[in-house]
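S.K.: mind folding the following:
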Amino acid sequence: MARLESEGNEVLLSASPCYGACDLCLDEARNVKAGKIIHFGHAEFMRVKSDIEIEYRPYFSELDWKEANKPLEKALKMLQQIKAEKITLAFPVQHLKNSERVKACLEKGGLKVKLGMGSPHIRHKGQVLGCDTQAVANAGEVDAVLYFGGGKFHPLGMPSSKPVLVCDPHLGDCYWITGEIKKVEKKRQGSTLAASQAASFGILVSTKCGQINLNGARIAKVMLEKKGRKAAILVANELNPVSLANFRGFDAYINTACPRINDDTEIYGKPIVNVADLKRLLELMV
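M.R.: Alright, predicted model coming up:
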């Protein structure tokens with residue numbers, strides 16, 4: 001900030017919530033007539049058509065490798081215990097610069113390590129987002145998945161078809177998370193089943209530049225109405241249970257925005273089904 005100001009720029013800091021690379025502060029920038037947005041912390045998610053210049057600056061985690069090697073050694077032992085030979089390595093963008101060292105360490109331990117590529121808006125092999133863990137599925141046939149990074153948010157979005165091991169260099173620990181992933185999957189299945197009994201649906205659309213899916217919402221409305229259900233499209237920049245509580249006429253929600261909203265069904269008080277699961281929901285309806 002000091003450098004930018006010393007170059008003659010007026011620098012304003014966005015104080016709005018930010019949920020990732022999909023969530024740029026475009027409205028704020030336009031309202032203050034900013035000429036550029038510098039988005040820190042994430043890799044480019046999508047190329048936004050805008051009159052405002054956008055620059056992504058990922059934040060890369062610097063590790064003390066004397067300490068970081070300890071959970072990696074533990075990870076090797078845990079993978080050996082399940083007789084894993086081929087694994088896929090996944091990580092958030094913050095650990096992009098650490099991924100090659102992690103890969104080399106695992107290969108030195110006798111593992112074959114694969115790096116899959118995610119959906120088109122993913123920029124790097126092995127990189128995962130909260131909304132996109134396709135890199136894991138695209139790695140091919142493996143015995144297990146190793147997620148190298150902090151927290152549970154990203155790995156909880158991964159499929160449980162293979163054992164998932166979290167290697168957290170910040171906590172200095174390793175743990176299996178497959179059981180928790182299966183619980184999340186069962187909760188989503190339960191939400192879909194409950195929503196199949198609903199008579200009316202609120203279809204959620206976010207106006208965040210990387211989340212907006214109005215076409216998907218319109219298709220969902222038509223398909224639900226063909227099944228004899230009532231449906232209306234709700235539009236907001238930030239979807240939250242407090243504002244949605246004003247709409248008392250809906251029995252369930254179809255979510256076309258960030259798919260991880262579905263994780264918080266309990267606080268919304270109604271079943272939430274991601275639009276990607278709409279086909280399954282329609283199959284369950286009588």
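
S.K.: hang on, Gly249 in a strand?
M.R.: No - counting by DSSP: H, G, I helix; E, B strand; the rest coil, Gly249 is not part of a strand but coil.

S.K.: residue contacts, the residue nearest to it when sequence neighbours are not counted?
M.R.: Excluding the flanking residues, the one nearest Gly249 by C-beta to C-beta, 6 or more residues apart in numbering is Ser200, at 5.9 Å. The way it works is simple: take the backbone N, C-alpha and C, and place the C-beta from them, glycine included. Residues in contact with Ser200, defined by C-beta atoms under 8 Å, 6 or more residues apart in numbering, are Arg229, Lys230, Ala231, Gly249, Phe250, Asp251, Ala252.

S.K.: for Lys182, see how far away Ser200 is.
M.R.: 31 Å (C-beta to C-beta, to the nearest Å).

S.K.: and what of Thr133?
M.R.: 15 Å.

S.K.: those two - which one has more neighbours?
M.R.: Between Thr133 and Lys182, counting by other C-beta atoms under 10 Å, Thr133 is the more crowded of the two (25 against 12).

S.K.: can you give me the helices for the stretch 151-286 of the chain?
M.R.: 178-195, 214-226, 241-244, 265-268, 278-284 (DSSP state H, counting those that start in this stretch).

S.K.: is it true that Val113 touches Glu85?
M.R.: No - counting by C-beta atoms under 8 Å, Val113 does not reach Glu85; the two are 10.6 Å apart.

S.K.: output the strand or helix carrying Lys66 as PDB, restricted to C-alpha atoms.
M.R.: Lys66 is part of helix 65-81 when elements are defined by DSSP states H and E. Extracted in PDB, the C-alpha atoms of helix 65-81 (Å, rounded to 0.1, in the frame of the first residue of the first chain):
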ATOM      1  CA  TRP A  65      10.800 -27.000   6.200                       C
ATOM      2  CA  LYS A  66      12.400 -28.300   9.200                       C
ATOM      3  CA  GLU A  67       9.000 -28.400  10.800                       C
ATOM      4  CA  ALA A  68       7.000 -29.000   7.600                       C
ATOM      5  CA  ASN A  69       8.900 -32.200   6.900                       C
ATOM      6  CA  LYS A  70       7.500 -33.800  10.100                       C
ATOM      7  CA  PRO A  71       3.900 -34.000   9.000                       C
ATOM      8  CA  LEU A  72       5.100 -35.100   5.500                       C
ATOM      9  CA  GLU A  73       7.000 -38.000   7.100                       C
ATOM     10  CA  LYS A  74       3.900 -38.900   9.100                       C
ATOM     11  CA  ALA A  75       1.900 -38.700   5.800                       C
ATOM     12  CA  LEU A  76       4.200 -41.200   4.200                       C
ATOM     13  CA  LYS A  77       3.900 -43.700   7.000                       C
ATOM     14  CA  MET A  78       0.100 -43.400   7.000                       C
ATOM     15  CA  LEU A  79      -0.100 -43.900   3.300                       C
ATOM     16  CA  GLN A  80       2.200 -46.900   3.600                       C
ATOM     17  CA  GLN A  81       0.000 -48.400   6.200                       C
END
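
S.K.: ok, then the element right after that helix?
M.R.: Beyond helix 65-81 toward the C-terminal end (DSSP H and E), the next one is strand 86-90.

S.K.: and Pro71, how many residues sit next to it?
M.R.: 21.

S.K.: what's the answer for the one 4 residues further on, then?
M.R.: Residue neighbour count, defined by other C-beta under 10 Å, stands at 27 for Ala75.

S.K.: hang on, the earlier thing: okay, Val113 and Glu85: which has more neighbours?
M.R.: Val113 (20 against 12).

S.K.: packing partners for the helix or strand hosting that one?
M.R.: Val113 belongs to strand 112-114 when assigned by DSSP H and E. With contacts taken as 3 or more C-beta pairs under 8 Å, 6 or more residues apart in numbering; DSSP states H and E, strand 112-114 sits against strand 86-90, helix 99-108.
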